[in-house]
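Visitor: no sequence for this one, just the structure:
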């Protein structure tokens, strides 16, 4: 996620502001906040927590209250976007419902984030080390103090349950771990180790290569490869980062008016990212629940249409009625869903409009029956 670029940039310019007190850096911070929010609504609380941490650091360093007001200025875009999202949410009838498959547990999230633990424990080891031996004050303030503030305010089992409930959700709390400056801490720890071997141990530079290689190997072999089948990562070789069949279908639909499509999981997730003239009968559960009461007849009928097209249900008694009721123009059906394809092929004038390696886009004639 590109927030992993936004967060270091925010930290960099917040450090510059606190060190120099130049207001131009606050403007840059505000602009970076806008970029972060444009990438993901997650930035609303991530950027806020980051800046609050730096407000504390600034007060510790300078003991001036005006810095608190100045840094809050950079949060204005965050508050504006949060207000706009809140006003938009008032349009929804049933409220946004987030499915919590498992109850939130701080220690479970921490365990998943820590992985093998080597890099995280090196990070924890580095924090007091910087306070004790580093002569570089910036490292003390913006690695050690900053991390301690994060642990005190946001990353602990006491406050985590409230943050997960009121700011993020149990399923997305783990993103707050992104705020920990693990990369910067391990890089600086490596530099200190290199300086120690050179000045204290008097090891010549050509032999220090061994230290650099060993340290790099420790970092390289620690943890797990993120983009693996074990992590259920789907590698997609298209510029859109969307399955190529969905890209083909969305790109080939040429229309100036809105058309309604019944689709299975992939289409429901991605089709509108390619073509905004498409209206989907069913999308994500939490999105649909924002418009409709999950207990309502319409919600249940839309779910049934989704399950039929996705191949989860093979009873088609109500299919014609539902397609006509919701004025469905097309069905995006997997080629492997042969029972539904055979059923649709028996309907007069139904036709295959688009064919890809994986899907048929079928023009619906059931609505005319």
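Guide: Arrived safely, thanks for sending. Note that the structure is a prediction, hence the values are computed from the model and not measured.
Visitor: Give me the residue ranges of the stretch 51-200 of the chain where confidence is low.
Guide: The model of the stretch 51-200 of the chain has pLDDT under 70 over residues 89-102.
Visitor: ok, now how distant is the residue of the chain most remote from its centre from residue 108?
Guide: Largest separation from the mean C-alpha position in the chain: residue 202, at 46.7 Å (Cα atoms, centre = their mean). Residue 202 sits 47 Å away from residue 108, going by Cβ to Cβ, to the nearest Å. Quick note: C-beta positions are derived from backbone N, CA and C, even for glycine.
Visitor: returning to that earlier point: now the residue farthest from the centre of the chain: how far from residue 196?
Guide: Counting by Cβ to Cβ, the separation of residue 202 from residue 196 is 11 Å.
Visitor: quick one: the helices in the stretch 51-200 of the chain?
Guide: For the stretch 51-200 of the chain, the helices defined by DSSP state H, counting those that start in this stretch cover 66-73, 76-89, 106-114, 118-133, 137-139, 146-153, 157-166, 182-199.
Visitor: Please point out which parts of stretch 246-266 sit buried.
Guide: In terms of neighbour count (16 or more other Cβ atoms under 10 Å), stretch 246-266 has its buried residues at 246, 247, 248, 249, 250, 253, 260, 261, 262, 263, 264, 266.
Visitor: again, but for stretch 149-162
Guide: Going by 16+ other Cβ under 10 Å, stretch 149-162 has these buried residues: 149, 150, 154, 155, 160, 161.
Visitor: Over to stretch 125-143?
Guide: Neighbour-count burial for stretch 125-143 [16+ other Cβ under 10 Å]: 126, 127, 129, 130, 134, 139, 140, 141, 142, 143.
Visitor: How about residues contacting that stretch?
Guide: By Cβ atoms under 8 Å, 6 or more residues apart in numbering, the list of residues contacting stretch 125-143 from outside reads 11, 15, 18-19, 57, 60-61, 144, 147-148, 181, 184-186, 188-189, 192.
Visitor: can you pull the contacts of residue 156?
Guide: Residue 156 neighbours (Cβ under 8 Å, 6+ apart): residue 106.
Visitor: and the residue farthest from the centre of the chain, that's in a strand?
Guide: No: going by DSSP: H, G, I helix; E, B strand; the rest coil, the assignment for residue 202 is coil, not a strand.
Visitor: are any of the contacts of stretch 125-143 buried, and which?
Guide: Buried members of the contacts of stretch 125-143, scored by 16+ other Cβ under 10 Å, are 11, 15, 18, 57, 61, 144, 147-148, 181, 184-186, 188-189, 192.
Visitor: of all the residues you listed, which comes closest to residue 40?
Guide: Proximity of the buried ones among the contacts of stretch 125-143 to residue 40 (Cβ to Cβ) peaks at residue 11, which lies at 17.4 Å.
Visitor: how would you label the closest one: helix, strand or coil?
Guide: Going by three-state DSSP: residue 11 is helix.
Visitor: isn't it right up against residue 53?
Guide: No: taking contacts as Cβ atoms under 8 Å, residue 11 lies outside contact range of residue 53: 9.5 Å.
Visitor: who touches both of those two?
Guide: Contacts common to residue 11 and residue 53, judged by Cβ under 8 Å, 6+ apart, are residue 146.
Visitor: Go ahead and name everything in contact with stretch 13-24.
Guide: The contact list for stretch 13-24, computed with Cβ under 8 Å, 6+ apart, reads 25-26, 28-29, 32, 50-51, 54, 57-58, 61-62, 67, 70-71, 138, 141-142.
Visitor: And those residues, which of them are buried?
Guide: Buried members of those, counted by 16+ other Cβ under 10 Å: 25-26, 28-29, 32, 50-51, 54, 57-58, 61, 67, 70-71, 141-142.
Visitor: What confidence value was assigned to residue 230?
Guide: pLDDT recorded at residue 230 is 66.
Visitor: same deal with the one 10 residues further on?
Guide: Reading off the confidence values, residue 240 has pLDDT 72.
Visitor: quick one, what contacts it?
Guide: 247, 273, 274.
Visitor: for the helix or strand encompassing the first one, packing partners?
Guide: For residue 247, the host element (DSSP states H and E) is helix 244-252. In this structure, helix 244-252 makes packing contacts with helix 265-274, strand 351-355, strand 359-363, judged by 3 or more Cβ pairs under 8 Å, 6 or more residues apart in numbering; DSSP states H and E.
Visitor: now do 7 Å
Guide: With contacts taken as 3 or more Cβ pairs under 7 Å, 6 or more residues apart in numbering; DSSP states H and E, helix 244-252 sits against helix 265-274, strand 359-363.
Visitor: And for residue 259, nearest residue in space, chain neighbours not counted?
Guide: residue 329 (4.5 Å; Cβ to Cβ, 6 or more residues apart in numbering).
Visitor: Quick check: the gap between residue 176 and residue 104.
Guide: Taking Cβ to Cβ, one finds residue 176 at 12 Å from residue 104.
Visitor: and if you look at residue 111?
Guide: For residue 111, the distance to residue 104 equals 13 Å [Cβ to Cβ].
Visitor: ok, those two, which is more surrounded?
Guide: residue 104 (18 against 11; other Cβ atoms under 10 Å).
Visitor: Tell me where the model's unsure across the stretch 251-369 of the chain.
Guide: 286-287, 289-290, 349, 366-369.
Visitor: Tell me where it has helices.
Guide: So, for the stretch 251-369 of the chain - with DSSP H, counting those that start in this stretch - the helices run 265-274, 285-291, 297-310, 319-325, 338-345.
Visitor: gap between the third one and the chain center?
Guide: It stands for helix 297-310. Between the centre of helix 297-310 and the centre of its chain there are 27 Å (Cα atoms, centre = their mean, to the nearest Å).
Visitor: List the buried residues of it.
Guide: 299, 301, 302, 303, 304, 305, 306, 308, 309, 310.
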